[in-house]
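Student: Here you go, sequence then predicted model.
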Amino acid sequence: MLPGRYREAVEEYDQRNLTNPFLVQAGPSFHLQHPRIDANLTSNLGIQDIINVLLDNRIPSHWIDHAYPYGLAFIDTHYVGSGLNQALFDDIDNERLAHIRTHTAPPAIPEYGWHYPSAQEVA
């Protein structure tokens, strides 16, 4: 949901690991590891936790960029409801808008068959 945030994380990783830079998995087969997150903490996952899982699995940043339109549709669909959700989504949307000003909205990958999800798909 934050355009360019994962790319920034890859750059940060590379700065911290000069002798072992980030390398994406090469296909056509991919191996994904289960997250190394304590099950008791799953209800409190943050963006950095998710980024760490993506980095651990060497996920290409264009895959994450591809998910942006779906995330935008999800937020748009769920931006109503309780005041608690409203406050949470306000914070997320404000950060999203700041990232768009810096990085622009990422494109989806047409070959992956992207379409804007229906309300039923989002639900």
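Tutor: Sure thing, it's come through.
Student: only C-alpha atoms for contact and neighbour calcs from this point on.
Tutor: OK.
Student: Determine the number of other residues adjacent to V122.
Tutor: Neighbour count of V122, defined by other CA atoms under 10 Å: 14.
Student: Quick check: what element follows the longest helix seen in the chain along the chain?
Tutor: When the chain is parsed with DSSP state H, its longest helix is helix 83-103. As assigned by DSSP states H and E, the chain's next helix or strand after helix 83-103 is helix 119-122.
Student: by contact count, what packs against that following helix?
Tutor: helix 68-78 (3 or more CA pairs under 8 Å, 6 or more residues apart in numbering; DSSP states H and E).
Student: Going by neighbour count, list what's buried in the longest helix of the chain.
Tutor: F89, D93, R96, L97, H99, I100 (16 or more other CA atoms under 10 Å).
Student: show me where pLDDT drops low in the protein?
Tutor: Applying pLDDT under 70 to the chain flags residues 1, 80-85, 113-117.
Student: Most remote residue from the middle of it, which is it?
Tutor: T19 (26.0 Å; CA atoms, centre = their mean).
Student: Next, the angle from the longest helix of the chain to helix 68-78.
Tutor: With axes from the mean of the first three to the mean of the last three CA atoms, to 10 degrees defining the directions, helix 83-103 sits at 150 degrees from helix 68-78.
Student: about what we covered before: what kind of secondary structure is the residue farthest from the centre of the chain in?
Tutor: coil (DSSP: H, G, I helix; E, B strand; the rest coil).
Student: what do you get for P3?
Tutor: When classified by three-state DSSP, P3 comes out as coil.
Student: what's the burial count for Y6?
Tutor: Neighbour count for Y6, taken as other CA under 10 Å: 24.
Student: hang on, it packs against I51?
Tutor: Yes - Y6 lies in contact with I51 (CA atoms under 8 Å); the separation is 6.6 Å.
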